[in-house]
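Novice: Any chance you can model this:
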Amino acid sequence: MSEKWVIGIDLGGTTVKIAFLSLEGTIIDHWEIPTDNSEEGKNITSDIATSIHEKLVQLNHAKEDVLGAGMGAPGPFDYETGIIFNTVNLGWPDNFPLKERLEQDLGLPVIIDNDANCAALGEMWKGAGEGSKDLVCVTLGTGVGGGVIVEGNIVQGVKGAAGEIGHITSIVENGAPCNCGKTGCLETIASATGIVRIAKERLAEEHELSLLHSMLDQEGNITAKDVFDAAKKEDKLAKSVVDFVSLHLGLVLANIANTLNPEKIVLGGGVSKAGDILLNSVKENFLKYSFKNVAESTIIDVATLGNTAGVIGAAWLAKK
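Specialist: Next up is the predicted model:
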């Protein structure tokens, strides 16, 4: 009898990441395929199924020894039916029956969850949160996403919208508009997009020479990484941006922790790669604003799984 496997799938607008994992969470193989969102995305689920079937043949592993598949998808969707309500980047019409279609094409049971939730589950199972059952994962990328885990279970909420940490409104007077329709959301501050916006606004206002001025003049643009790199070199303007971002991120994390009292808060996404210059400042603000017992019991750390967090978390769902 062959070893039992589970499948993890991380569905994105450009690529689909797929992995086979053992029941202990060891990655057997992982790969990715392009996301074909042409013709209203009609080929997406069949492409995934075909790729999985071909890989099973290559690895000489019977489909009967695969327990099922978990998928992280860019929701929102109905958790019970697996119907995804709307997906701008995937081409599907509203209320697309994702779970049903993938089960038909794959011939295996499928469970669907939000992609940010799957990343959080991955970090809990095999990443920075390993061994923790109460965990908050915050993804700082182009936007800000999140997943909340309580007693080992993802918190989904009555409409599947729990964990929308990026849309917590921080205390910013006349905050910047967010894609969600509100103003002053954390996403407008702590995302890579937000950091660049804040830096450019300060560059326009500040005439004192800065490394960021030179970068902008030479490249015609700046990135969030440029801001952090300049701050590491003691650039005054860049440091002011990092201080502003850290203040609001630390404040939001403190309020989340005061509500949930998690064992760990894990920061992932491209922005988290800034390292200690961001992490240490966030921790200082977290300690400043969090309840004493919460401050003493919560560890803030950086995610370790990178791009594999989503497939590992999705596989965990299938295992469960």
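Novice: Tell me which residues are up against stretch 201-219.
Specialist: 199-200, 222, 226-227, 230, 233, 235-238, 240-241 (Cβ atoms under 8 Å, 6 or more residues apart in numbering). Glycine gets a C-beta too; all of them are placed from N, C-alpha and C.
Novice: at 10 Å instead, please
Specialist: 176, 199-200, 221-223, 226-227, 229-231, 233-238, 240-241, 244 (Cβ atoms under 10 Å, 6 or more residues apart in numbering).
Novice: Show me which of these are buried.
Specialist: 176, 199-200, 222, 226-227, 229-231, 235, 237-238, 240-241, 244 (16 or more other Cβ atoms under 10 Å).
Novice: so residue 69, which of the three states?
Specialist: strand (DSSP: H, G, I helix; E, B strand; the rest coil).
Novice: contacting residues for it?
Specialist: 6-9, 18, 20, 48-49, 52, 102-103, 106, 108-112, 314-315, 317-318.
Novice: Distance of it relative to residue 273?
Specialist: Distance of residue 69 to residue 273, given as Cβ to Cβ, to the nearest Å: 30 Å.
Novice: circling back to that earlier point, please convert the buried members of the contacts of residue 69 into PyMOL selection syntax.
Specialist: A single PyMOL command is used to select the members of those judged buried by 16+ other Cβ under 10 Å:
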select buried, resi 6+7+8+9+18+20+48+49+52+102+103+106+108+110+111+112+314+315+317+318
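Novice: Now, the contacts of residue 69 that are in strands?
Specialist: Using DSSP state E, the members of these that fall in strands are 6-9, 18, 20, 110-112.
Novice: would a markdown table of those with distance to residue 155 and pLDDT be doable?
Specialist: Formatted as a markdown table, these follow (distance: Cβ to Cβ, whole Å; pLDDT from 0 to 100):
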| residue | distance to residue 155 | pLDDT |
| --- | --- | --- |
| 6 | 22 | 98 |
| 7 | 24 | 98 |
| 8 | 20 | 98 |
| 9 | 22 | 98 |
| 18 | 26 | 98 |
| 20 | 28 | 98 |
| 110 | 21 | 97 |
| 111 | 16 | 95 |
| 112 | 16 | 93 |
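Novice: Low-confidence ranges, the stretch 101-250 of the chain, go.
Specialist: Scanning the stretch 101-250 of the chain for pLDDT under 70 picks out the ranges 170-171.
Novice: What's the mean pLDDT across stretch 277-296?
Specialist: Average pLDDT, stretch 277-296: 96.
Novice: going forward can the numbers begin at 36, since that is how I track them
Specialist: Okay, residue one is now 36; in that scheme the one you just asked about reads as stretch 312-331.
Novice: list the buried ones in it?
Specialist: Applying 16+ other Cβ under 10 Å to stretch 312-331 flags 312-314, 316-318, 320-322, 324-325, 329-330 as buried.
Novice: could you redo those as CSV and give each row distance to residue 227?
Specialist: Shown next, in CSV, are the buried residues of stretch 312-331 (distance: Cβ to Cβ, whole Å):
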residue, distance to residue 227
312, 15
313, 12
314, 16
316, 17
317, 15
318, 20
320, 19
321, 21
322, 25
324, 24
325, 25
329, 28
330, 28
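Novice: any chance of these in TSV, plus secondary structure?
Specialist: Below are these laid out as TSV (three-state DSSP):
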residue	secondary structure
312	helix
313	helix
314	helix
316	helix
317	helix
318	helix
320	helix
321	helix
322	helix
324	helix
325	coil
329	helix
330	helix
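Novice: Kind regards, and thank you for your time.
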